[in-house]
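**Q** Requesting a structural model of the entry that follows:
(2 chains)
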Amino acid sequence: MKRARTTRAAAILLGPFFVLFTVAMVLPIGYAVWLSLFTEKQSGLGFGGTETVFSGLDNYTAALGDRAFREGFGVLLGYCLFYIPLLLVGALALALLLDSALARARRFFQLALFLPHAVPGIIAALIWVYLYTPQLSPVVSAMESGGIGFDFFSPEGALPSVVNIALWEWLGYNMVIFYAALQAIDRSVLEAATVDGAGAWRTALSIKVPLIRSSLVMVALFTVIGSLQLFTEPLILNKGTGSAVSSTWTPNMYAYTAAFERNDYGLAAAASILLALTAALLSFVVTRFTGRKGKKA
Amino acid sequence: MNSPASRGRWMSKTAVNGFLVLAVVYMLFPLVWLVTAATKDTGGLLAGNAFSFEGFNLGQNLSDLASYGDGIYFRWYLNSLMYAGGGAIVCSLICVAAGYAFDKYEFRGKEKLFGLVLMGVLVPTTALALPMYLLASKTGLVNTYWSVLIPVLVNPFGVYLARVFSTGYIPNEALEAARIDGAGELRVFWSIGLRMVMPGFVTVFLFQFTAIWNNFFLPLVMLSDRKLFPLSLGLYSWNTNTHGEPSFYPLVVTGSLLAVIPLIVAFVSLQRHWKAGLTAGSVK
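**A** Just a heads-up that it's a prediction; the model follows:
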């Protein structure tokens, strides 16, 4: 009797979440898979409108066969290799500095470094694109008077421009996560290390970092998934004047363009699914690869 | 005082804090630029010397913002408040109810179901926007408030956080006591559980509010009626005008400044809550 009562309560409390989970996650995923297997064909001589026909994996081969799509993955790879190490090392370094006995005004630093996270991605991108634009920017003119000429909109400048915006948005956020994990370390472990004669550097690198390993993995995982979805920042650059960022620069932009500029929903769905599969594969690799080692340590 | 050891310590202290100050400068100067740039007219902005209050034009910019397009900007502002405020309250309630159920009840397949929630955390949500758009157009929901509101009510990570908070904030003894007094299960959740987990509720609310306020991709896909736009999409649409019409620059800059203020205020005043959220996410 009691058992039935609690099961009913659990069902009522979980119900709303799982209904919405089904409507807004499971159903769209299923629908995307379905869509990706069909294509619109002109019927007859092209007078009778279009009809939807089953096309198997044609949309996938079309996406993978499209140079723009493959180049998008190339850009993404470059972005991940450039951005993720910088973000992880930067956030970790800041967290360790803040956690060291030498840091002052910790609450202030934490808040100030975190604040960019409160700025919507689109606005962050707008601000930075203005700061990259030669006529508008005090930064570009300051750099020029210092003898550094850098064109943020050139082909070579595109990747650093986007990486900088993303770093600005996420560095402080992840620093706070690492800092929280560092603060949770049992202080007696650290004292023992000091008694054994380990200096601040040694303690940071061989004791603190291994102890917050699970946070590092988690941040790496979320960063990979977020990076794969890269869209807003390059879109703003693309809409800016004379940037080298094309409208299909990342796979997500490719899917968007396929859907809303070319009205090819099958191709867009296939591109989205390939991207989601990449995300699944990478999350599997990150958790598997780091999980095992973590258990031994 | 001047021993080599204390000198060395003083130098490392300066280095550590100096480095942190540099990082803060990098984080804050774009925001400072946003503030000073919002006080400039088009000519002042294009002159590039934005880090000064010379030619103070903020009042004019604000009144332009209020009057342009019959005050559409503040319509967007209200929309954003509605999407983010309404969406985040409902979403947090749903997350807290689910997290509480996962924490306090035993039922068959519980951990499998929770595993499904955790998998949901890893789904790249932008990949869902297109099929969601097509589903919404089939059901006639496209280009309505609902098309932007319904998808943001789901946050698997919020359920995960709520479960952690439920374990931490709600002692089982409190629930038992209420049950002995004869309260039904839902009553126990509503009047004991929810009240005790309130700090966790605020945390989930804050993060979801931010996520919805910052949401851009979903409204971009779903909405075509300018009257339904949130701020992010409205500012984006203005920004695409700036190339042909530089007089949009002050509107975009001043509009961005006002759009950032509520979140800055929220994060400054609710520091305990976002730190709690990031701690709960990090320790597991």
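
**Q** Strands of chain A, start to end?
**A** A:38-42, A:50-54 (DSSP state E).

**Q** Return the most buried member of those strands.
**A** Of all the strands of chain A, strand A:38-42 has the most neighbours on average by mean count of other CB atoms under 10 Å in any protein chain shown, namely a mean of 16. C-beta coordinates here come from the backbone N, C-alpha and C atoms, glycine included.

**Q** gap between residue B:109 and residue B:231?
**A** To residue B:231, residue B:109 is 42 Å away according to CB to CB, to the nearest Å.

**Q** which of those two has more neighbours?
**A** For the pair residue B:109 and residue B:231, the greater number of neighbours falls to residue B:231 (30 against 9), based on other CB atoms under 10 Å in any protein chain shown.

**Q** That one against residue B:76, yeah?
**A** Yes. Using CB atoms under 8 Å, residue B:231 is in contact with residue B:76, at 4.9 Å.

**Q** The helix or strand encompassing residue B:137 packs against which elements?
**A** Following DSSP states H and E, one finds residue B:137 within helix B:126-138. Packed against helix B:126-138 by the contact rule (3 or more CB pairs under 8 Å, 6 or more residues apart in numbering or on different chains; DSSP states H and E) you find helix A:27-36, helix A:251-260, helix A:265-296, helix B:217-222.

**Q** what sits up against it?
**A** Contact with helix B:126-138 is made by A:24-25, A:27-29, A:31-32, A:35, A:229, A:231, A:252, A:255-256, A:259, A:265, A:268-269, A:272-273, A:275-276, A:279, B:142, B:147, B:151, B:217-218, B:221-222, as judged by CB atoms under 8 Å, 6 or more residues apart in numbering or on different chains.

**Q** Go through that helix and flag the buried ones.
**A** B:126, B:127, B:128, B:129, B:130, B:131, B:132, B:133, B:134, B:135, B:136 (16 or more other CB atoms under 10 Å in any protein chain shown).

**Q** Distance-wise, check the last one relative to residue B:142.
**A** Residue B:136 sits 4 Å away from residue B:142, going by CB to CB.

**Q** Quick check: the closest residue to chain A within the stretch 51-200 of chain B vs residue B:167, distance?
**A** Across the stretch 51-200 of chain B, the shortest distance to chain A (CB to the nearest CB) belongs to residue B:185, at 3.4 Å. Between residue B:185 and residue B:167 the distance, using CB to CB, works out to 18 Å.

**Q** Which of these two has more residues huddled nearby?
**A** Higher neighbour count among residue B:185 and residue B:167: residue B:185, with 23 against 18, using other CB under 10 Å.

**Q** Identify the residue spatially nearest to the more buried one, adjacent ones excluded.
**A** Once flanking residues are discounted, residue B:185 sits nearest to residue A:9: 3.4 Å by CB to CB, 6 or more residues apart in numbering or on different chains.

**Q** One more: residue B:213?
**A** residue B:84 is the one closest to residue B:213 (CB to CB, 6+ apart), at 4.3 Å.

**Q** isn't residue A:112 right next to residue B:29, touching?
**A** No. Taking CB under 8 Å as the definition, residue A:112 is not a contact partner of residue B:29, at 11.3 Å.

**Q** what about these two, which has more around it?
**A** Shown here are residue A:112 and residue B:29; by other CB under 10 Å, residue A:112 has more neighbours (19 against 14).

**Q** a helix runs through residue B:124, doesn't it?
**A** No. Membership of residue B:124 in a helix is not supported by DSSP: H, G, I helix; E, B strand; the rest coil, which gives coil.

**Q** For it, the count of nearby residues, please.
**A** When neighbours are counted by other CB under 10 Å, residue B:124 comes out with 21.

**Q** pLDDT weak spots in the stretch 101-250 of chain A?
**A** A:147, A:241-242 (pLDDT under 70).

**Q** center of chain B - which residue?
**A** For chain B, the residue nearest the mean C-alpha position is residue B:210 (0.5 Å; CA atoms, centre = their mean).

**Q** So which bits of the stretch 51-200 of chain B are right by chain A?
**A** B:51, B:94-95, B:97-98, B:100-102, B:105-107, B:113, B:117, B:120, B:122-128, B:130-135, B:150-151, B:153-154, B:156, B:159, B:184-186, B:189 (CB under 8 Å from any CB of the partner chain).

**Q** which among those residues end up buried?
**A** B:94-95, B:97-98, B:100-102, B:105, B:107, B:117, B:120, B:122-128, B:130-135, B:150-151, B:153-154, B:156, B:159, B:185, B:189.

**Q** Return the distance of the residue nearest to residue B:185 relative to residue B:65.
**A** For residue A:9, the distance to residue B:65 - CB to CB - is 50 Å.

**Q** outside of stretch B:208-215, which residues touch it?
**A** A:117-118, A:120-122, B:80, B:83-85, B:87-88, B:91-92, B:95, B:148, B:152, B:155, B:158, B:230-232, B:262-263, B:266.

**Q** Helices - which of those residues land there?
**A** Secondary structure from DSSP state H places A:121-122, B:80, B:83-85, B:87-88, B:91-92, B:95, B:148, B:158, B:231-232, B:262-263, B:266 of the contacts of stretch B:208-215 in helices.
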